[in-house]
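Structure for the following, please:
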Amino acid sequence: MDLIKILCPTCFEVFEIVSPPFSEIPAELDYDCEVCCSPLIIDLHRNGDEMTVQSRALSN
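Just a heads-up that it's a prediction; the model follows:
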(Lines give C-alpha, C1' and ligand atoms only; values in the text may rest on other atoms or scores of the structure.)
Protein backbone atom coordinates (compact mmCIF):
# COMPACT_ATOMS: atom_id res chain seq x y z
CA MET A 1 0.00 0.00 0.00
CA ASP A 2 1.61 3.21 -1.20
CA LEU A 3 0.73 6.53 0.42
CA ILE A 4 0.68 9.89 -1.34
CA LYS A 5 1.24 13.16 0.49
CA ILE A 6 -1.42 15.76 -0.35
CA LEU A 7 -1.19 19.48 0.38
CA CYS A 8 -4.62 20.97 1.06
CA PRO A 9 -5.06 24.14 -1.05
CA THR A 10 -7.37 25.61 1.61
CA CYS A 11 -5.64 25.07 4.98
CA PHE A 12 -2.14 24.23 3.60
CA GLU A 13 -1.84 21.18 5.86
CA VAL A 14 -0.38 17.93 4.55
CA PHE A 15 -2.18 14.60 4.85
CA GLU A 16 -1.79 11.21 3.18
CA ILE A 17 -4.07 9.10 1.02
CA VAL A 18 -3.70 5.60 -0.37
CA SER A 19 -2.48 5.65 -3.97
CA PRO A 20 -4.71 4.02 -6.56
CA PRO A 21 -3.05 1.29 -8.64
CA PHE A 22 -0.63 2.71 -11.21
CA SER A 23 -2.72 1.10 -13.97
CA GLU A 24 -5.69 3.33 -12.98
CA ILE A 25 -3.74 6.58 -13.47
CA PRO A 26 -4.49 9.17 -14.86
CA ALA A 27 -7.24 9.77 -12.33
CA GLU A 28 -9.19 12.61 -10.76
CA LEU A 29 -10.28 12.01 -7.17
CA ASP A 30 -13.00 13.94 -5.35
CA TYR A 31 -11.74 14.10 -1.76
CA ASP A 32 -12.22 16.03 1.48
CA CYS A 33 -9.21 17.36 3.37
CA GLU A 34 -8.57 15.17 6.41
CA VAL A 35 -7.64 18.26 8.45
CA CYS A 36 -10.17 21.01 7.58
CA CYS A 37 -12.75 18.91 5.66
CA SER A 38 -12.75 21.27 2.65
CA PRO A 39 -13.66 19.56 -0.63
CA LEU A 40 -10.84 19.25 -3.14
CA ILE A 41 -9.86 17.53 -6.35
CA ILE A 42 -6.71 15.43 -6.53
CA ASP A 43 -5.30 15.02 -10.04
CA LEU A 44 -2.97 12.07 -10.61
CA HIS A 45 -0.96 11.76 -13.83
CA ARG A 46 1.73 9.40 -15.11
CA ASN A 47 4.98 10.54 -16.65
CA GLY A 48 6.77 7.36 -17.65
CA ASP A 49 7.36 5.44 -14.43
CA GLU A 50 6.67 8.46 -12.23
CA MET A 51 3.44 9.89 -10.90
CA THR A 52 2.62 13.58 -10.50
CA VAL A 53 0.04 14.75 -7.99
CA GLN A 54 -1.78 18.09 -7.83
CA SER A 55 -4.54 19.17 -5.49
CA ARG A 56 -6.97 22.02 -6.06
CA ALA A 57 -9.92 23.45 -4.21
CA LEU A 58 -13.24 22.22 -5.55
CA SER A 59 -14.43 25.82 -6.03
CA ASN A 60 -11.59 26.57 -8.53
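
Could you use CA atoms for every contact and neighbour count after this?
Will do.

dump the residue contacts of the residue nearest the centre of the chain.
Residue closest to the mean C-alpha point of the chain, counted by C-alpha atoms, centre = their mean, is residue 42 at 3.4 Å. Counting by C-alpha atoms under 8 Å, 6 or more residues apart in numbering, residue 42 makes contact with 28-31, 53-56.

Would you quantify the distance from the residue located most distally from the centre of the chain to residue 23?
Distance from the C-alpha centroid of the chain, by C-alpha atoms, centre = their mean, peaks at residue 48 (18.6 Å). From residue 48 across to residue 23, the span is 12 Å (C-alpha to C-alpha, to the nearest Å).

next one: residue 16
Residue 16 is 20 Å from residue 23, by C-alpha to C-alpha.

ok, the two, which is more surrounded?
The neighbour count for residue 16 versus residue 23, taken as other C-alpha atoms under 10 Å, is higher for residue 16 (13 against 8).

list the contacts for the more buried one?
Neighbours of residue 16 in contact, by C-alpha under 8 Å, 6+ apart: 3-6.

so what's it closest to, chain neighbours aside?
residue 5 (4.5 Å; C-alpha to C-alpha, 6 or more residues apart in numbering).

what number of residues lie near that neighbour?
Neighbours around residue 5, by other C-alpha under 10 Å: 12.

What residues are recorded as beta-bridge partners of residue 27?
Judged by DSSP bridges, the bridge partners of residue 27 are residue 44.

Hmm, residue 44 and it touching each other?
Yes - counting by C-alpha atoms under 8 Å, residue 44 is a contact partner of residue 27 at 5.1 Å.

can you give me phi and psi for residue 23?
Torsion angles at residue 23 (phi, psi; degrees, to the nearest 10) stand at phi -70, psi -20.

Residue numbering should commence at 9 henceforth.
OK, 9 is where the count begins now, so the last one is residue 31.

SS state for residue 24?
Using DSSP: H, G, I helix; E, B strand; the rest coil, the structure places residue 24 in strand.

How much space separates it from residue 41?
According to C-alpha to C-alpha, residue 24 and residue 41 sit 10 Å apart.

ditto for residue 13
For residue 13, the distance to residue 41 - C-alpha to C-alpha - is 12 Å.
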